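**Q** Just need the structure, nothing else, for what follows:
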Amino acid sequence: RALLKVQLGAVFLQLPKIQGVRINVGGVELTTPDPPQLAGDPQPAQILWYLADQHLVQLQLAGGPPTPVAAPGVDLSTVAEPSNPAIGYGVGGPIFLLSQAQNLMHVPADGTAPRQVLAGGGHLVPPSVDRFGWAWTAEMQSSGSVHAVAQDGTAPGLRADWLDGRSVQSLRVSRDGARLVIISTSPVGGVEVDVVGVQRQNGAPEKLGDPLRVGATLTDAVTVAWVDEASVAVLGRIAGSPDQGVYIVPIGGPTRLVFSRPDAIALAAGRGDRALYVSNAAGQLSLSRSTSGSPLLTGVTYPTLQG
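**A** Modelled structure (predicted):
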């Protein structure tokens, strides 16, 4: 009962104008002398990773002017056409990326060669890493499944029957590892952004829940990233708007535009809508809250934060 009270309070306090939650049972307020503490999302480090000239590069976002440095201990020289790095949480979190857009590689940070952990049946969507160290991906041309892959190559196939016959553009696992957001399109072009729950046993993914559609006003969606426990950022378009932009899409709330960026092709998100990064085909990296109009950095491909 104590855990249920804390969980309900945490959910309702995210709603606008809700300042407090009191639960009554039979007309008497439910009290819990020692309420449990809920584990929140792990926060991504203030480091942005990206690829440049077949090197994995780190960009410190806190402190002084951002200075790119090569990721220590990472050697991508043996990886054919590396793309879409995904970085695990914590110091020394696992690193994954794609090779030739269809093979998932685990990248050690000790100088040893990356190792293939999943050979896709076709092109794979960019991977995402959860707080347990599992990498998530799926075939772009879906047959109704999603892959969760451990560093040792363990890869339980998880059924996602609603994706069968659809094209998957992007997926991202939430920072607490409890939800997965997926962008997909139907054969006739209708786009959907769906959120599904992740059931686990001792941290290992076992099953996906039923999809919940969010962002129903979106008519186009390119990529997605979590900004907090209950909202995602989507690079796309909404009905009636010709320009592409970055939108905040809450689970169970209205979609809103953060900023327009017609030339953006990639999106990375920190905590909240003031920590959104986009890059374009020219390799220019921009920050959502910037008012200068100048790029934060150039020469950037596949930018990402932890997760």
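**Q** Next one, pLDDT for Ser241 please.
**A** On pLDDT, Ser241 comes in at 84.
**Q** show me what contacts it?
**A** Applying CB atoms under 8 Å, 6 or more residues apart in numbering to Ser241 gives the contacts Leu257. All C-beta spots, glycine's among them, are computed from the backbone N, C-alpha and C.
**Q** start at 41 instead
**A** Okay, using 41 as the starting number, the last item reads as Ser281.
**Q** Pretty sure it sits in a helix.
**A** No - using DSSP: H, G, I helix; E, B strand; the rest coil, the assignment for Ser281 is coil, not a helix.
**Q** Provide the backbone phi and psi angles at it.
**A** Phi and psi for Ser281, reported as degrees, to the nearest 10, are phi -120, psi 120.
**Q** go on, Trp202?
**A** Dihedral angles for Trp202 - degrees, to the nearest 10 - are phi -70, psi -20.
**Q** how much space between it and Pro290?
**A** 21 Å (CB to CB, to the nearest Å).
**Q** swap in Leu138?
**A** Taking CB to CB as the measure, Leu138 falls 30 Å from Pro290.
**Q** So which of the two has more stuff around it?
**A** Neighbour count, other CB atoms under 10 Å: between Leu138 and Pro290, Leu138 has more, with 25 against 16.
**Q** What's the first helix or strand after the one helix or strand that one maps to?
**A** In this assignment (DSSP states H and E), Leu138 forms part of strand 135-139. Under the assignment DSSP H and E, the closest C-terminal helix or strand after strand 135-139 is strand 143-147.
**Q** Sheet-wise, list the partners of that next one with their directions.
**A** If you go by DSSP bridges, strand 143-147 pairs up with strand 135-139 (antiparallel), strand 155-159 (antiparallel).
**Q** Let's see the first one as CSV, backbone CA atoms only.
**A** Pointing back at strand 135-139 there. Written as CSV, here are the backbone C-alpha positions of strand 135-139 (Å, rounded to 0.1, in the frame of the first residue of the first chain):
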residue,chain,number,x,y,z
ILE,A,135,28.8,1.1,-26.4
PHE,A,136,27.0,-0.3,-29.4
LEU,A,137,26.8,0.9,-33.0
LEU,A,138,25.7,-0.3,-36.5
SER,A,139,28.0,-1.6,-39.2
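**Q** how distant is it from the center of its chain?
**A** Relative to the centre of its chain, strand 135-139 is centred 15 Å away, using CA atoms, centre = their mean, to the nearest Å.
**Q** Show me what the mean pLDDT comes to for it.
**A** Rounded mean pLDDT across strand 135-139 is 98.
**Q** Name the residues that touch that strand?
**A** So strand 135-139 is in contact with 91, 96, 111, 114, 116, 119-128, 144-149, 154, 156-157, 164, 166-167, 169, 175, 177, 189, going by CB under 8 Å, 6+ apart.
**Q** Likewise for stretch 304-315?
**A** In this structure, residues lying in contact with stretch 304-315 by CB under 8 Å, 6+ apart are 83-84, 86, 88, 101, 262-268, 273, 275, 284, 286, 288, 298, 316-321, 326-329, 341-345.
**Q** Check which residues of that stretch are buried.
**A** By 16 or more other CB atoms under 10 Å, the buried positions in stretch 304-315 come out as Ala304, Ile305, Ala306, Leu307, Ala308, Ala309, Gly310, Asp313, Ala315.
**Q** Can I get that stretch in CSV, CA atoms only?
**A** Provided in CSV are the C-alpha atoms of stretch 304-315 (Å, rounded to 0.1, in the frame of the first residue of the first chain):
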residue,chain,number,x,y,z
ALA,A,304,17.6,18.6,-39.4
ILE,A,305,18.2,14.9,-39.9
ALA,A,306,19.2,13.8,-36.4
LEU,A,307,18.1,14.5,-32.8
ALA,A,308,19.6,13.9,-29.4
ALA,A,309,17.9,14.8,-26.1
GLY,A,310,19.1,15.5,-22.6
ARG,A,311,16.7,16.3,-19.7
GLY,A,312,13.9,18.6,-20.7
ASP,A,313,13.1,20.7,-23.8
ARG,A,314,16.1,23.0,-23.3
ALA,A,315,18.6,20.2,-23.9
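**Q** quick check: mean pLDDT across it?
**A** Mean predicted confidence for stretch 304-315 is 93.
**Q** where's that stretch relative to the chain centroid, distance-wise?
**A** 10 Å.
**Q** Kindly report the same for stretch 119-129.
**A** Per CA atoms, centre = their mean, the centroid offset for stretch 119-129 relative to its chain is 14 Å.
**Q** how about it: buried residues?
**A** So for stretch 119-129, counting by 16+ other CB under 10 Å, buried means Val119, Pro122, Asn124, Pro125, Ala126, Ile127, Gly128, Tyr129.
**Q** That concludes my questions; thank you for your assistance.
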